[in-house]
Each structure stands twice: as structure tokens, then as C-alpha cells.
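Trainee: When you get a sec, could you give me coordinates for this:
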Amino acid sequence: MARAQTGNDAISEARRAFFEAGRTPVGQVPGAILQSWRRCRGLGLAANARPAIEPIDAPRLRIMREQHERLWRLARAEVEMLAADAADTGSIAILTDADGWILDAEGSAAFLDKAGRVALMPGACWSEARVGTNAIGTAIADGLAVEVRGAEHYAAPHRILNCAASPIFDPQGRMVGVLDISGDASVAQVHALGLAQMAVANIEHRYFDEGIADADLLRVHSNRALLGTAREGLLAFRNGRLVAANRVGLALFGLERGDLGRASYEALFDGAVSRLRDDGALHDRSGRVLYGHVDEPTRARRARAATPITVSPATSSRDADAPLFDEAQRDELVRACRVLDAGIPVLVLGETGTGKEVFSRELHRLCARAGKPFVAVNCAALPEGLIEAELFGYESGAFTGARKDGSQGLLRQADGGVLFLDEIGDMPMALQPRLLRVLQDRELSPLGGGRPVKLDFALVCATHRHLEEAVAEGRFRADLYYRISHHIVTLPSLREQPARDALVRTLWERIGQGRQLTPAARDALAQYGWPGNLRQLVASLRTLAALSEPGSDVGLDALPAYLRTRMAPMPRLLAPLDADLDAITLASMRAAVEACGGNIARAARQLGISRSTLYRRLGADPRVL
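Mentor: Next up, the predicted model:
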């Protein structure tokens, strides 16, 4: 039955039939709600009384969060993104563990206060057995995404809520938590369930980025455009047995989570996994072509993509991802090297995909500290509260779960070398003052006490944000900005470079392995605006190479549709956060989503609009999503 047909009067009538007359109101409420009501009545829960919910105290909540550190860390970016959108609609985003204990709740301050009156707050348990029918508890009970609106809640006092929740599963098919969006029942949350499900898909995708030990991880899909996004199929095989998969991977083969550990590679695919490694494509048993690639089965790969921090010596990258430094950029490197060697910070600006980290690594290779560590920290991936200990270190017993021997922290690992703070514009405000003190004093004190430690590192920062605007809007500390912006290097976008044809030729020589681009194809590649910059161009060239035969000519017909139509260059992605929506065309939105591999959240950030706004606008065009 359509939810639009289930109005308040119909739900009230259904409640009277169920709770007072003892009848089963089939067809008057959604089936999932009715089944939940039955479960709750069987447990003896009172429908008209306020459930006795006693939130745990702050120390116990802190311990619980530490016990679920991995879930909290991987979900943090999505919770913050949803919370920003939720604040605009008077609602909140909630993260719970698999038992319904609320670990985090953020969003509208006004609604957080209202939700607190019914104990919808961190430290409270909203399992179905304790609270009755509610989106969190019912999603856990059914293992499915669910909406519970107003009087559909079992407990009458909870009729003030509209809630939408989706369970979160780890790669092995175990439920690890729930992501929920809750708001006032008087306000329709049209897209809440869809947004929650999209966010959960991103979270579950991140679990695989941390690696599946000793297993071949296949990233596949029948649609090449979805590779590299949360909508790609992920299937991990160990000794020929399927041991982990995401929802998309299971759905591609009509499997259930119960098939994990039982389904075999031979039953799903026609051909050895080496074909996917070599050709970028593989047939399943039904003859369908699946495109993709294989992640190597090694424990060393763990957390390489997911961790916000890397420590490595300097190397000169000759990979196709590396920008081809022209004379002007070489001059910039020389000047930046002199500045860095003088102990002055360098700030690298540029749109996403322009090669800011590659430029910074090359700067490290050329500077006087080339033989020392290069410590890269992705500030956009720093969850407040957890990362502080990793950055600044901690003493033994500083907090529950701390290692007995403590930790020196990542900033100390940069001692003598170069500290690279990537996406500094996205660093949480709570961490900025302490970082500023470290930069000023070149000294840090580990968490939990201990003597201050002197530090010696060169500082390079990078961002795609307009930091001056962020300072003016109170999103970035002015004193920190002035500390890191003594010398600024701005990397041009790909569309601003006049010699794109030569760049395409050179990159294809590295990637094409003897294949030839026809003049028409090369011209289309050179003329396109490339909103994703060099990263997008390289990915497109690699895809062309993977889908063509060795020694063949790659023509215009092999290019994606957006290249064949020669879409005009899109507006700059360095848009302020208060961008005028009317100035952003639907074509620009589509191009941004495509450049971000279908990741709505990333595209919204680059366009400077909320994800819900972008989702709503694109949802009007069925060709996009």
C-alpha cells in the first residue's frame, strides 16, 4: 500500500483496531510495521506508556564508542554529511551499534533537544525489545531499511517522530550498526530513507577499502561507469570460496548473505580470475560481461586506501597519475623548495584531481629533507575525538583501550622530515587550536600527560577550499590560516592548460601500450573540460586501454558518451559553500557526479551545495541516477 495513502486518520484507526479491538489491520499499515507491532505485543510492551529508557553515563558511552571505533571511524564522514543536511530540515542523523545503542547524534540543535525528551540521544538503547516499533530497532530486527512515521511507532509518546533507518553490514555479512535520520513527525522527510541508504552504501564500501586478508577482492560491475564507486560489486574469494561481499556484489548474482562462505568462484564466473587482472573484464556463468579489476591478496594492503595517514620515503613518481610538470610548474617547485628549506610553510591550492599531493611529494624529493620521512595526513578523514591520539600520541593509560606502552603519534613520525596536511580546509574546528600550538611551539604534549616533545619538520599543506572565505565564515581559524599561507602555490586546472593535446599524447604513450588514438578521439579528449582534472583524464585513458585490444586503433566510438558529445567545460569546482544554486546548471551537476565516479556526496562538496539538494535536482532526470 502506498505510504501516501496511509494518512494520520488511517493510522489512528489501525491503532484502535490493533491495540483496543484486538483485530489485525491488514492493509492499513505497512507490513513491516504490523509485524513489528505483533513482536512488541508478544514481548508484553505497553503501547501507551513512555518506555523506561535510561541512557548510560558519559564514561560508559566513551568506552562503548571505543569498542566500536572502526564503525565510528568509517561512518564519521557520512554522519557529518547527513547532519549538515539534517540541520537544514530540522532533523538529526544517528549512528547506533548492532544492538541499538546510540553512539552519535548530530544535526538540528532544536530537534536534538526535542528528541532528548524521549531519550533519543547518545547512550540510549533503541532496540525494538526495549522501545517498541521504531526505525532503529525494527531495522535491526528485520535486517532491512525501514521508515517508521508518527503513530506507526509502537509507543504512543514516540508519535512525535518520523524516522528512517538502514542497517550497516560488514564485508562478512555481519550487522555492525544502523544509520538513522529522525525528525519531527509534522515535517515530511521525503528523501530520508534514500539518503540513509546511500550513506550506508558508502560506509560499507569503506570497510572493503581496509582490505580482506589473504583474499582476492574483485571489484566488478556490468556498467563500467560504476566502477570505483559505492555502487560497484565487491566480492572477496579465499581459496576459491566467497568469503566477503557487499550488497551490490551479492545482488549481481542473486545471492544472500547466508551464501558467504558457501558459494564458490567456479559457480559464479566463467574463466580464471587472471582474466580480470589482464583484460579488465570477465564473463559470469550466464555469459554476462563484468568489468573491473582485482585487488592483490596481501595483508600489507590493509588500510592503504582507508587510512587518512601515510608515512613513506620520497620517490620520484613516473606513474601516469603524475602531472607532467611544465616549465612554469618546475619553476614553482624550485621556489617552493627554497621556501621550505628556509623553514617556511608551503600551501598548495588546486581543484580536486590537479595533483596537489604529487606536487608535494616531488617537493619533498627535491628539498633538503629528501632522505627523511614524508608523513601525509588527510584532514578530511580525521574523525574528532579518535584521531587526536593518533596525531599527537598518548601516554600509557591515557584512556580506555590505550596501548600499555602508549603511542608516539604521527606528528612525531614526521620529525626531521616533511609533514603534509592534505585537505587542511576540512580539518575539524576542534583540532585546529591544538595543531596551531604545535606549529607555533614546535612542541607537543602527548595525551594523558608526559613531558613535552620537541619537533622538527617542514610543513606543506594542501586544499581545494577557498580558505579566505572559510575564515570569513568562521569555518577555519584565521590565525592558523596566516600560519600556513606564507607561500602559496596554485596548481592550474586541466581545462586551464592550453597544451592539452600534447598532454593527452604523452599520457597515452605511457598508458596505451602500443594502441593508437585516432585523431578524432584524441581531439575529443583534448577538447573536453575534465572537471575531475588529471585524475579523471588518466582514469579515462586507462579505461580505454583496458577495453581495447593490444595494437588496435581507439576511435571516437570507443569514448564514453559525454566525450563524444564534447560537453562544454563545466564551471569551476572550487565553488564557495554558499554557491548560488541557480548558477549551477543540471549539466554541470551531472558532469560533477560523473567526475566523482557517481559519488553524490563528493560531487555536492565540490559544487558547494548540500547533498540532499544535489540528489533532489538529479532525481528529476532519470538518466542520471
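Trainee: What residues are bridge-paired with Phe374?
Mentor: For Phe374, the beta-bridge partners are Ser312, Val418 (DSSP bridges).
Trainee: Arg361 is in contact with that one, correct?
Mentor: Yes: counting by C-beta atoms under 8 Å, Arg361 is a contact partner of Phe374 at 6.3 Å. Every C-beta, even on glycine, is put in place using the N, C-alpha and C of the backbone.
Trainee: who's more crowded, the two?
Mentor: When neighbours are counted by other C-beta atoms under 10 Å, Phe374 and Arg361 differ, and Phe374 comes out ahead with 25 against 22.
Trainee: quick one: that one from Leu71, how far?
Mentor: Distance, Phe374 to Leu71, by C-beta to C-beta, to the nearest Å: 30 Å.
Trainee: Val289 too?
Mentor: Here Val289 is placed at a distance of 35 Å from Leu71 (C-beta to C-beta).
Trainee: likewise Gly132?
Mentor: 25 Å.
Trainee: now do Arg238
Mentor: Counting by C-beta to C-beta, the gap from Arg238 to Leu71 is 23 Å.
Trainee: and what of Arg262?
Mentor: For Arg262, the distance to Leu71 equals 26 Å [C-beta to C-beta].
Trainee: same deal with Ala46?
Mentor: Per C-beta to C-beta, Ala46 is found 32 Å from Leu71.
Trainee: more crowded one of the two?
Mentor: Between Ala46 and Leu71, counted using other C-beta under 10 Å, Leu71 has the larger neighbour count: 21 against 13.
Trainee: Torsion angles phi and psi at the more buried one?
Mentor: phi -60, psi -50 (degrees, to the nearest 10).
Trainee: I'd guessed it sits against Arg174; true?
Mentor: No: applying C-beta under 8 Å as the test, Leu71 and Arg174 come out as separate, 11.1 Å apart.
Trainee: Find the residues that touch each one of these two.
Mentor: Residues touching both Leu71 and Arg174 (C-beta atoms under 8 Å, 6 or more residues apart in numbering): there are none.
Trainee: buried stuff in stretch 142-160?
Mentor: Applying a neighbour-count criterion of 16 or more other C-beta atoms under 10 Å, one finds 145-156, 158-160 buried in stretch 142-160.
Trainee: Could I have the CA atoms of it written out in PDB?
Mentor: Only the C-alpha atoms of stretch 142-160 are listed here, as PDB (Å, rounded to 0.1, in the frame of the first residue of the first chain):
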ATOM      1  CA  ASP A 142      14.300  -7.300  10.200                       C
ATOM      2  CA  GLY A 143      17.800  -6.600   8.800                       C
ATOM      3  CA  LEU A 144      16.300  -4.200   6.300                       C
ATOM      4  CA  ALA A 145      15.900  -0.500   5.800                       C
ATOM      5  CA  VAL A 146      12.600   0.800   7.200                       C
ATOM      6  CA  GLU A 147      10.700   4.000   7.800                       C
ATOM      7  CA  VAL A 148       8.500   4.500  10.900                       C
ATOM      8  CA  ARG A 149       6.300   7.600  10.800                       C
ATOM      9  CA  GLY A 150       4.400   9.200  13.600                       C
ATOM     10  CA  ALA A 151       1.800   6.900  15.100                       C
ATOM     11  CA  GLU A 152       3.300   3.900  13.400                       C
ATOM     12  CA  HIS A 153       5.700   3.800  16.500                       C
ATOM     13  CA  TYR A 154       4.600   1.300  19.000                       C
ATOM     14  CA  ALA A 155       4.900   3.600  22.000                       C
ATOM     15  CA  ALA A 156       2.400   6.400  21.700                       C
ATOM     16  CA  PRO A 157       4.800   9.100  23.100                       C
ATOM     17  CA  HIS A 158       7.000   8.400  20.100                       C
ATOM     18  CA  ARG A 159       4.400   9.600  17.600                       C
ATOM     19  CA  ILE A 160       6.200  12.900  17.600                       C
END
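Trainee: Geometrically speaking, which residue is the centre of the chain?
Mentor: Centroid check for the chain by C-alpha atoms, centre = their mean gives Asn202 as the closest residue, at 5.4 Å.
Trainee: what mean pLDDT does the host helix or strand of that residue have?
Mentor: When elements are assigned from DSSP states H and E, Asn202 belongs to helix 192-209. The average pLDDT within helix 192-209 is 90.
Trainee: Equivalent analysis for stretch 501-508, please.
Mentor: Throughout stretch 501-508, pLDDT has a mean value of 88.
Trainee: Please export the C-alpha coordinates of that stretch as PDB.
Mentor: The C-alpha coordinates for stretch 501-508 follow below in PDB (Å, rounded to 0.1, in the frame of the first residue of the first chain):
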ATOM      1  CA  ASP A 501      46.600  17.800 -26.900                       C
ATOM      2  CA  ALA A 502      50.300  17.300 -26.100                       C
ATOM      3  CA  LEU A 503      49.300  16.100 -22.600                       C
ATOM      4  CA  VAL A 504      46.900  13.500 -24.000                       C
ATOM      5  CA  ARG A 505      49.600  12.300 -26.400                       C
ATOM      6  CA  THR A 506      52.200  11.900 -23.700                       C
ATOM      7  CA  LEU A 507      49.900  10.200 -21.200                       C
ATOM      8  CA  TRP A 508      48.600   7.800 -23.900                       C
END
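Trainee: Which residues in that stretch does the neighbour count mark as buried?
Mentor: Buried-residue list, stretch 501-508, by 16+ other C-beta under 10 Å: Leu503, Val504, Leu507, Trp508.
Trainee: cool, and stretch 241-250?
Mentor: Neighbour counts over stretch 241-250 (16+ other C-beta under 10 Å) mark Leu242, Val243, Ala244, Ala245, Asn246, Arg247, Val248, Gly249, Leu250 as buried.
Trainee: chain center to stretch 250-260, what's the gap?
Mentor: Using C-alpha atoms, centre = their mean, to the nearest Å, the mean C-alpha position of stretch 250-260 is found 24 Å from that of the whole chain.
Trainee: quick one: Arg338 is in a helix?
Mentor: Yes: applying DSSP: H, G, I helix; E, B strand; the rest coil, one finds Arg338 inside a helix.
Trainee: what about it, how many residues close to it?
Mentor: Arg338 has 12 neighbouring residues, counting by other C-beta under 10 Å.
Trainee: Which pLDDT value goes with it?
Mentor: 91.
Trainee: any idea how far it lies from Leu276?
Mentor: Arg338 sits 47 Å away from Leu276 when distances are taken as C-beta to C-beta.
Trainee: and if you look at Thr506?
Mentor: From Thr506 to Leu276 the distance is 28 Å (C-beta to C-beta).
Trainee: ok, back up a step: thought the residue nearest to the centre of the chain was touching Ala230?
Mentor: Yes: contact criterion C-beta under 8 Å: Asn202 and Ala230 qualify, at 4.7 Å.
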